[in-house]
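Undergrad: here is my input; please provide its structure:
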Amino acid sequence: MTTQPKEMLDPELREPLEAFLDAIGGGFDLDDLPATRRMVSGMVAAIKAEVPRVAGVEIEDGRAPGRDGEPDVPVRVYRPSAGAGEALPALLWMHAGGWVLGDLEMDDLALAGLAKEIGCAIVSVDYRLSPEHRFPAALHDCYAALAWLADESRALGIDPERIAVGGASAGGNLAAAVTLLARDRGGPRIALQLLIYPSLDDRTARPAGDGRPETYFWSRQNSIDAWTAYLGHAPGRDGVSPLAAPARAQDLGGLPPAYIAVGTLDPFVDENIDYARRLIDSGVACELHVYPGAFHAFDVFASQGRISQQFSADRNAVLRRHLFSA
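TA: A predicted model of the protein is given here:
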């Protein structure tokens, strides 16, 4: 088994990556989920303890009503103080974590900063995790949050015509699936699907081997374990719903404009490029950014690197264009 060569890494990303991997013992162990969840929560808490709160952003926890007898969904709403009294555009956000890790705290600081930077409201969804709650529990939670955001837009001070959905990794999967579900159900209008290195295709979850190098940060085995936890069986079987693996959708027509960002060293780069091509072929406006020398979640662990700064600028520009152009 070979690993992606270090010389392919962007030089500014190498040291933060190696420091992170050293801190977690070389990688994530999804065989011991309780311990890994505690580790991730502890790291997030330690970072938050060292970083001051973002000023000028109002933050409120709430609950979106569950649909069809399912439980209510915890959400966290970020609203820039400068937009008080205005009907703001909004981003519905789904966190990363392979459907098995993460909560509202994971992206708390980043989302507060993004709400202030863009001038929009952000609603973060604390969806149910696998394997305790397999597909479609997380998707149903995210769709319930979208429906609540649209239905209660007046009370929330949100413009229902300017709602984007977005997420990173497994959260990007959920964002893509929410847009498919909204299209098929005639649900709320979505202005943009913001897909940050999304995991879209269970059929690509295979072990590393000859011609298929091991990847940085999120390993090939991590992908297999995450998909297995989410689906309840090994990935790659026939009959997997396109709402679980959006790359399996036969029809991508009628979807909202898409933005896809991924690094060249990301395990999902090929499926992200293919999904972008299929969206374009289906008549959907799609903007694709592939960042050289970048691994999965590079923007989180090396936020001050030049390529991470470029990623942030590109993401912010597309949010402004789709949420404030009207």
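
Undergrad: longest strand anywhere in the protein?
TA: When the chain is parsed with DSSP state E, its longest strand is strand 158-168.

Undergrad: show residues contacting it.
TA: Strand 158-168 has contacts (C-beta atoms under 8 Å, 6 or more residues apart in numbering) with 87-96, 121, 142, 146, 149-150, 152-153, 172-175, 178-179, 188-198, 297, 319, 322-324, 326. Just so you know, the C-beta spots here come from the backbone N, C-alpha and C atoms, and that holds for glycine as well.

Undergrad: mark which of these are buried, thanks.
TA: Among these, those buried by neighbour count (16 or more other C-beta atoms under 10 Å) are 87-96, 121, 142, 146, 149-150, 153, 172-175, 178-179, 188, 190-198, 297, 319, 322-323.

Undergrad: spit out the contact partners of residue 118.
TA: For residue 118, the contact set (C-beta under 8 Å, 6+ apart) comprises 91, 316, 319, 320, 323.

Undergrad: OK, contacts around the fourth one?
TA: Right, residue 320. residue 118.

Undergrad: for it, helix, strand, or coil?
TA: helix (DSSP: H, G, I helix; E, B strand; the rest coil).

Undergrad: can we start the residue count at 11 from this point?
TA: Noted, 11 is the first residue going forward, which turns the last one into residue 330.

Undergrad: point out where the stretch 61-210 of the chain drops to low pLDDT.
TA: 93 (pLDDT under 70).

Undergrad: re earlier: name the next helix or strand downstream of the longest strand of the chain, please.
TA: Using DSSP states H and E, the helix or strand that directly follows strand 168-178 along the chain is helix 180-195.

Undergrad: how far off centre is that next one?
TA: Remark: helix 180-195 is offset 11 Å from the chain centroid, using C-alpha atoms, centre = their mean, to the nearest Å.

Undergrad: helices and strands around that helix, which ones?
TA: Counting contacts by 3 or more C-beta pairs under 8 Å, 6 or more residues apart in numbering; DSSP states H and E, helix 180-195 packs against strand 98-104, helix 147-161, strand 168-178, strand 202-206.

Undergrad: go through the helix or strand following the first one and flag the buried ones.
TA: To tie it back to what came earlier, the one meant is strand 98-104. Counting by DSSP H and E, the next helix or strand C-terminal to strand 98-104 is helix 118-128. The neighbour-count check on helix 118-128 (16+ other C-beta under 10 Å) flags 118, 119, 120, 121, 122, 123, 124, 125, 126, 128 as buried.

Undergrad: nearest to residue 279, of the residues you listed?
TA: Using C-beta to C-beta, residue 120 comes nearest to residue 279 of the buried residues of helix 118-128, at 22.4 Å.

Undergrad: what's the closest non-adjacent residue to the closest one?
TA: residue 310 (7.8 Å; C-beta to C-beta, 6 or more residues apart in numbering).

Undergrad: ok so that neighbour is a strand residue?
TA: No. Read with three-state DSSP, residue 310 is helix and lies in no strand.

Undergrad: how far away is it from residue 206?
TA: 10 Å (C-beta to C-beta, to the nearest Å).

Undergrad: quick one, what contacts residue 319?
TA: Each residue near residue 319 by C-beta under 8 Å, 6+ apart is listed here: residue 313.

Undergrad: what confidence value was assigned to it?
TA: Per-residue pLDDT puts residue 319 at 97.

Undergrad: give the residue farthest from the middle of the chain.
TA: Within the chain, the residue lying farthest from the chain centre (C-alpha atoms, centre = their mean) is residue 220, at 29.6 Å.

Undergrad: what's that residue sitting at in phi/psi?
TA: Residue 220 has phi and psi values of phi -60, psi 130 when expressed as degrees, to the nearest 10.

Undergrad: from residue 294, how far off is the residue nearest to residue 120?
TA: Distance, residue 310 to residue 294, by C-beta to C-beta: 28 Å.

Undergrad: same question for residue 219.
TA: Using C-beta to C-beta, residue 219 is found at 34 Å from residue 294.

Undergrad: of these two, which one has the most company?
TA: Taking neighbours as other C-beta atoms under 10 Å, residue 219 and residue 294 compare with residue 294 leading, 18 against 11.

Undergrad: doesn't the more buried one lie inside a helix?
TA: No. Residue 294 is assigned coil when assessed by three-state DSSP, not a helix.

Undergrad: for it, what are its contacts?
TA: Counting by C-beta under 8 Å, 6+ apart, residue 294 makes contact with 262, 263, 264, 265, 266, 267, 268.

Undergrad: show me what contacts the fifth one?
TA: The contact partners of residue 266, taken as C-beta under 8 Å, 6+ apart, are 189, 199, 200, 201, 202, 203, 294.

Undergrad: run a quick neighbour tally on residue 170.
TA: Number of residues near residue 170 (other C-beta under 10 Å) recorded here: 18.
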